[in-house]
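**Q** I'd like to go over a predicted model; first the sequence, then the structure.
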Amino acid sequence: MLKIRAYHRPKHIDEAISLLSEPDAGRTVIAGGTDLLVNPRYMVGVREVVDLRDLGLAFISGLEDDPSTSMIVIGACATMRQVARSPLIQGLASGILARSAAVCASPNIRNMATLGGNTASALPSADTPPPLLALDALVVLAGPQGRRIVPLSEFFTGPARSIRQPGEIITEFQIPQPDAAMRGGFYKIGRVSDDIAMVNATVTLVVRDGIIVQARVMLGAVAPTPIRASAAEAALEGQQPSEAVFQQAASFAVEAARPISDHRASADYRRRMSGVAALRALRQAAGRAPQPEEWHHA
Ligand SMILES: Cc1cc2nc3c(=O)[nH]c(=O)nc-3n(C[C@H](O)[C@H](O)[C@H](O)COP(=O)(O)OP(=O)(O)OC[C@H]3O[C@@H](n4cnc5c(N)ncnc54)[C@H](O)[C@@H]3O)c2cc1C
């Protein structure tokens with residue numbers, strides 16, 4: 001049974017940080033609560049929660065909102081539903097991030113679950129970090145020592161582990177405006193549609209004059225952290241986007257996977273499905289798959 005002694009709902013980031021900085025208070029952050037309140041591991045030693053939802057972090061902004069920045073900025077408390085339904089995010093690399101949010105769990109969970117929580121939990125199976133990584137996102141952390149901006153590629157250090165220090169909160173994600181030619185694909189394989197992934201694959205491609213000049217292939221749920229399949233990327237770059245090239249790249253994605261077996265799937269199944277998910281994401285990125293529009297249902 002949950003034994004929460006106090007519930008704090010600060011109005012300012014500084015107030016939240018000072019609450020979290022008090023040693024021995026047994027305080028932790030809560031955003032949507034969809035990981036925190038269902039995972040007993042997170043609640044060990046937790047006596048008080050600090051709710052982030054009044055900090056004004058449930059926003060998504062682009063160049064037209066702030067002409068002084070070249071970044072698309074998503075506040076940590078933006079919900080999966082907000083991310084999935086944002087026309088700005090839907091327009092980013094064929095909407096890979098919007099799609100990943102749209103296939104996260106069920107409508108009820110998507111109304112509560114936040115982008116910041118999905119990253120802060122650092123679960124290898126999380127759906128939004130791989131697209132954020134493919135888009136070269138930066139994560140902004142605020143804590144007792146001040147504010148720091150870190151490439152998301154340096155954030156995850158293991159299952160449920162990250163570089164986030166005690167007392168630090170994720171305030172936002174910054175996404176550099178991608179190459180206008182960038183197209184993407186996201187494909188998740190789960191046991192049922194609202195279960196977490198057995199594997200997810202995210203791809204971005206920039207094709208110029210019929211040649212792939214830049215490729216990014218990310219896999220989720222098949223290693224202790226989201227991983228980049230660099231050999232698959234090398235197999236794509238400099239090539240024409242053909243089915244044979246995609247099949248070859250997908251075979252390298254299979255080799256990159258380092259999955260575990262659990263109640264959802266065996267390691268061997270996950271490894272093989274890494275290739276299937278990567279291939280389908282590649283076909284999406286090349287416009288050779290039915291255009292997915294999950295976000296309409298989110
Ligand atoms: C039935 C069910 C199905 C699910 N299906 C999926 C799925 O398909 N795909 C998927 O990716 N996830 C899934 N999840 C997991 C969960 O919904 C997501 O990880 C969600 O994004 C977590 O966000 P939250 O705001 O609810 O986090 P919370 O539960 O509030 O917090 C999670 C952790 O992150 C910390 N935290 C939260 N926000 C911040 C912040 N801004 N800064 C610092 N620390 C923070 C909290 O202290 C806690 O440790 C599912 C969960 C359930 C219960």
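**A** Arrived safely.

**Q** which strand residues bridge residue 208?
**A** residue 211 (DSSP bridges).

**Q** wait, does stretch 174-188 contact the ligand?
**A** No. Against the ligand, stretch 174-188 shows no contacts by CB under 6 Å from any ligand atom, the least distance being 7.6 Å. From N, CA and C alone the C-beta is placed, and that goes for glycine too.

**Q** start and end of that stretch, how far apart?
**A** 24 Å (CA to CA, to the nearest Å).

**Q** surely residue 226 meets residue 217?
**A** No. Using CB atoms under 8 Å as the test, residue 226 is too far from residue 217 to be in contact (11.2 Å).

**Q** neighbour-wise, which of those two wins?
**A** Higher neighbour count among residue 226 and residue 217: residue 217, with 32 against 29, using other CB atoms under 10 Å.

**Q** where does that one land in three-state SS?
**A** Following DSSP: H, G, I helix; E, B strand; the rest coil, the label given to residue 217 is strand.

**Q** ok, now which ones touch it?
**A** 201-203, 228-229, 232-233, 236, 249, 253, 278, 281-282 (CB atoms under 8 Å, 6 or more residues apart in numbering).

**Q** could you redo the last one with a cut-off of 10 Å?
**A** 130, 134, 185, 201-205, 227-236, 249-250, 252-253, 256, 274, 278, 281-282, 285 (CB atoms under 10 Å, 6 or more residues apart in numbering).

**Q** got it, and residue 175?
**A** 62, 71-74, 88-89, 92-93, 97, 131-132, 135-138, 152.

**Q** on that earlier part again, joint contacts of residue 226 and residue 217?
**A** With CB under 10 Å, 6+ apart, residue 226 and residue 217 have common neighbours 130, 134, 202.

**Q** narrow those to those in helices?
**A** Those of the shared contacts of residue 226 and residue 217 mapping onto helices are 130, 134, per DSSP state H.

**Q** please list only the buried members of the shared contacts of residue 226 and residue 217.
**A** 130, 134, 202 (16 or more other CB atoms under 10 Å).

**Q** out of those, the closest to the ligand would be?
**A** Within those, proximity to the ligand (CB to the nearest ligand atom) peaks at residue 130, which comes in at 9.9 Å.

**Q** which residue does the stretch 51-200 of the chain have closest to the ligand?
**A** Closest point on the stretch 51-200 of the chain to the ligand, by CB to the nearest ligand atom, is residue 117, at 2.2 Å.

**Q** for the residue nearest to that residue when sequence neighbours are not counted, what are its contacts?
**A** With CB to CB, 6 or more residues apart in numbering as the criterion, residue 117 has its nearest non-adjacent residue at 4.3 Å, and that residue is residue 31. Contacts for residue 31 were tallied using CB under 10 Å, 6+ apart; they are 50-53, 55, 57-58, 76-79, 112-118, 120-121, 169-170.
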